[in-house]
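Undergrad: For reference, the sequence and a predicted model appear below.
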Amino acid sequence: MEQVKITVALIIAVLLQWTLRNVAEPFAYIDFPLIIVVYAALQRNAIRAIFFGTFAGIAVDALSGGLLGSNGFSKTLIAYIVSELARRVYMDNLLLRIPVIAGACLLDDLIYFGMHRLLGQNPVGDVMVTIAYSLIGTTIAGTIIYLILDFTLAERTRSRKRDLLSTRRQTRRRNPIRLSK
Amino acid sequence: MVERSQKEVWKLTPWLVLLLLLGNFVLMAFDARDITSGQRIVRVWSQTVADFIQSPVTTVSSLLWNYFGSISNLRSAQSDNDVLKQRIQELEVELKGKEDLTSENERLRGLLDLKEKSKYKVLTARIIGRDPSVWFDSSIINRGTLDGVKLNMPVVTNGGLLGRVTAVSPLTAQFDLITRDKSGLGAVVGEISNSDVLGVVVGTSDDDIVEMRYVPGTANVEPGQIVYTTGQDGIYPAGLKVGEIVQVDRGSATTPHKILIRPSSAVNSMQEVGVLLYEPPPKIEFDQKLPNAVKPEKKR
């Protein structure tokens, strides 16, 4: 069920990316598919995350003036790196996810720009400004979206918290020091 | 269904990543090879699917935008009303003079037997989507091959030239702006009939400046002059306004001027644009009968 929910979230992210820039220009600086791809990668399911990265990237490229496959390339790589990182380091904490999404956004932009320059394309606008705005927009939006996703999607987390709480109560009752008093 | 252990998955993942990265790279290389004139099937179908989402979103958002816009406009309505009343009185006087001129013009035209003929048909279209990537500035309009739009047709606004169609699906089309670095068009400073200052306008990747190249350093060019298309590039018709010269780095007898132009049109969200249903004249085939056209075979 959780898999279906994340897939739906990814589809919604792609649709938002397709449409929101026409509503207001600043939305262009938020990379919605990247946020969901990183979230999927943090769930330690590497295969699902890299497929998400490829699918979301190509879907964005299809309506973009850039090279077809460039977003697919960068997001696949990001998904792999983040899932490998999540396998080695415990990152179920929201505060730890903020630098992860920021780093992923920075790396994604650099790979995207680099691939275009490598193949003789020159993206529009000032690179540093675009990267800076994109970093700020995606990190803020990512933090909010992760909060929402954690509350709505993560049944596993909720049940884990429940278990954790009940264990604590048991421990307190069995505490020998307390019993002795 | 085969259940894979976590260890097997970890072993499999790098190979899968490599395969997907390679696939994406091949796709990129293929796209980069012919980005100026190529039509990719993935883009065509994605645009068709996206149209079903983009069109309703654009309609709803523009309705909301207009509604809130009209509320905010009410504040300045009273002062605008006074100004407009005064303007109406001035225009009524002006109109009377224009009516006399129009009737005179019609009479003279009738005498000369001239027929009013529009040069190119203009198809009005609405921008339903902007480039989802922040790095590029292409836009998607709600007209496609079913409306007669074809690849490379010019896109204009009332200000002048905007760009050209780079991908077409049955219901939508995508266009690139003239500011993109890969774009180029033949242009002339001033009216084509009065000027011989010809050059090529190319994008600079700066979103509000294009550059005119190959203008001889001896030509008289000043900031403020208007640049028009020449029609010699085989894509755009002659006489479309490109923009206004904002800066001239003077050349010499041996070096050309470097001219920077501010395009007369810019893209805003949910804007109406026009597609010129213009097809350039067919290119003249290379005449093989000319004596110097075919190289003589070397005698052994």
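TA: Arrived safely, thanks for sending.
Undergrad: Show the low-confidence segments of the chain, by residue range.
TA: In the absence of a named chain, chain A is used. Scanning chain A for pLDDT under 70 picks out A:154-181.
Undergrad: Oops, wrong one, chain B.
TA: B:1-4, B:34-40, B:107, B:109-119, B:192-193, B:267-270, B:284-300.
Undergrad: Helices of that one, start to end?
TA: B:6-33, B:41-73, B:77-112 (DSSP state H).
Undergrad: Let me know the angle separating the first one from helix B:41-73.
TA: This means helix B:6-33. 80 degrees (axes from the mean of the first three to the mean of the last three CA atoms, to 10 degrees).
Undergrad: Which other helices and strands does helix B:6-33 contact?
TA: Here helix B:6-33 touches helix A:46-62, helix A:70-88, going by 3 or more CB pairs under 8 Å, 6 or more residues apart in numbering or on different chains; DSSP states H and E. From N, CA and C alone the C-beta is placed, and that goes for glycine too.
Undergrad: export the ones you listed to CSV and tack on distance to chain B and mean neighbour count?
TA: Shown next, in CSV, are those (distance: least, CB to the nearest CB, whole Å; neighbours: other CB atoms under 10 Å in any protein chain shown):
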stretch, distance to chain B, mean neighbour count
helix A:46-62, 3, 25
helix A:70-88, 4, 24
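Undergrad: can I get these in TSV with distance to residue B:71?
TA: Converted to TSV, the helices and strands packed on helix B:6-33 look like this (distance: least, CB to CB, whole Å):
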stretch	distance to residue B:71
helix A:46-62	35
helix A:70-88	39
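Undergrad: Figure out which of these is closest to residue B:87.
TA: Closest approach to residue B:87 among these (CB to CB): helix A:46-62, 47.5 Å.
Undergrad: re earlier: I'd like to know which of the helices and strands packed on helix B:6-33 lies nearest to residue B:141.
TA: If we rank those by CB to CB, the stretch that ends up nearest is helix A:46-62, at 16.1 Å.
Undergrad: tell me the angle of that closest one relative to helix B:6-33?
TA: Helix A:46-62 runs at 10 degrees relative to helix B:6-33, counting by the same axes, to 10 degrees.
Undergrad: pull the CA atoms of helix A:46-62 into CSV?
TA: C-alpha atoms of helix A:46-62 as CSV (Å, rounded to 0.1, in the frame of the first residue of the first chain):
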residue,chain,number,x,y,z
ALA,A,46,17.1,1.3,-4.2
ILE,A,47,15.5,-0.3,-7.2
ARG,A,48,12.2,1.5,-6.9
ALA,A,49,14.0,4.8,-6.3
ILE,A,50,16.2,4.5,-9.4
PHE,A,51,13.2,3.6,-11.6
PHE,A,52,11.3,6.5,-10.1
GLY,A,53,14.3,8.8,-11.0
THR,A,54,14.4,7.6,-14.6
PHE,A,55,10.6,7.8,-15.1
ALA,A,56,10.2,11.3,-13.5
GLY,A,57,13.3,12.6,-15.3
ILE,A,58,12.2,11.6,-18.7
ALA,A,59,8.6,12.8,-18.1
VAL,A,60,10.0,16.3,-17.2
ASP,A,61,12.4,16.2,-20.2
ALA,A,62,9.6,15.3,-22.6
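Undergrad: To residue A:14, which of the helices of chain B lies closest?
TA: Nearest of the helices of chain B (CB to CB): helix B:41-73, 9.4 Å.
Undergrad: and the gap between the closest residue to residue A:135 other than its chain neighbours and residue B:141?
TA: In space, and not counting its chain neighbours, residue A:135 is closest to residue A:105: 5.3 Å by CB to CB, 6 or more residues apart in numbering or on different chains. Residue A:105 is 30 Å from residue B:141, where distance means CB to CB, to the nearest Å.
Undergrad: Residue B:27 now?
TA: From residue B:27 to residue B:141 the distance is 25 Å (CB to CB).
Undergrad: the more surrounded of the two?
TA: More crowded of residue B:27 and residue B:141, by other CB atoms under 10 Å in any protein chain shown: residue B:141, with 26 against 20.
Undergrad: Tell me if I'm right that that one and residue B:172 touch.
TA: Yes - applying CB atoms under 8 Å as the test, residue B:141 and residue B:172 come out as touching, 6.5 Å apart.
Undergrad: Now list whatever residues contact both of those two.
TA: residue B:128 (CB atoms under 8 Å, 6 or more residues apart in numbering or on different chains).
Undergrad: Contact residues of the stretch 101-250 of chain B facing chain A?
TA: The stretch 101-250 of chain B has residues B:127-138, B:140, B:166, B:174, B:176, B:179-182, B:205-207 near chain A, with proximity defined as CB under 8 Å from any CB of the partner chain.
Undergrad: If we use 7 Å, what do you get?
TA: For the stretch 101-250 of chain B, the residues found near chain A under the criterion CB under 7 Å from any CB of the partner chain are B:127-138, B:140, B:176, B:179-181, B:205, B:207.
Undergrad: Let's see which of the residues you listed end up in strands.
TA: Secondary structure assignment by DSSP state E places B:127-130, B:140, B:176 of these in strands.
Undergrad: Taking those residues, please make a PyMOL selection of just the buried ones.
TA: In PyMOL syntax, the buried subset of those is picked out as below (16 or more other CB atoms under 10 Å in any protein chain shown):
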select buried, chain B and resi 127+128+129+130+140+176
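Undergrad: Looking at the ones in strands among the residues of the stretch 101-250 of chain B next to chain A, which one is closest to chain A?
TA: Proximity to chain A was ranked across these by CB to the nearest CB; first place goes to residue B:130, at 4.2 Å.
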